[in-house]
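Student: Turn this into a structure:
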Amino acid sequence: MRVLATYNIKGGVGKTSAAVNLAYISAREGNRTLLWDLDPQGAATFLFRVHPRVRGGVRALVKGRVPLDAPIKGTDFANLDLLPADFSYRNMDLALERSKRPVRRLAQLLKPLAAEYDIVILDCPPSVSLVSEGVLRAADTLLVPLV
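Tutor: The predicted model follows:
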């Protein structure tokens, strides 16, 4: 499983647009693709018309009480699934901070999905934080859109 992340500390540079389009192209080419919307604004989630329901919020995901594949939703496109953001993602840094090895936690959460997906695309929030550190650690490829 390859992990690609769209990241920039600035907002409005096209991270979500790039992530959504890359996910669609990947799925269209036959790759089992997961798009994880890590941004609490949830623009990628909105674009796919998905209503997020993460039982227990991001804290439950980070702690492992809810498996990462539980909140995954299918989309209208073959081979393309979405892990939607919800408003609790605004507290992801706090949840990561309370975990062991917080910078490695996102990569650990993704590991069990390796058998299900060929590529995971991370749509990142515009920040410098534990989330961004975890993304940089988990990603095989980093796309930094610029204006």
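Student: which residues touch the longest helix that the chain contains?
Tutor: Ranked by residue count under DSSP state H, the longest helix found in the chain is helix 15-28. With contacts defined as Cβ atoms under 8 Å, 6 or more residues apart in numbering, helix 15-28 is touched by 4, 6-8, 33-35, 37, 39, 43-44, 47-48, 77-80, 118-119, 121-124, 126, 143, 145. Placement of C-beta: from N, CA and C, glycine included.
Student: That one: which residues count as buried?
Tutor: 15, 16, 18, 19, 20, 22, 23, 24, 26, 27 (16 or more other Cβ atoms under 10 Å).
Student: now do stretch 104-122
Tutor: Quick answer for stretch 104-122 (16+ other Cβ under 10 Å): 105, 106, 108, 109, 110, 113, 117, 118, 119, 120, 121, 122.
Student: to the chain's geometric centre, what's the distance from stretch 86-95?
Tutor: Taking Cα atoms, centre = their mean, to the nearest Å, one finds the center of stretch 86-95 at 13 Å from the center of the full chain.
Student: and what of stretch 4-20?
Tutor: Centre-to-centre, stretch 4-20 and its host chain are 11 Å apart (Cα atoms, centre = their mean).
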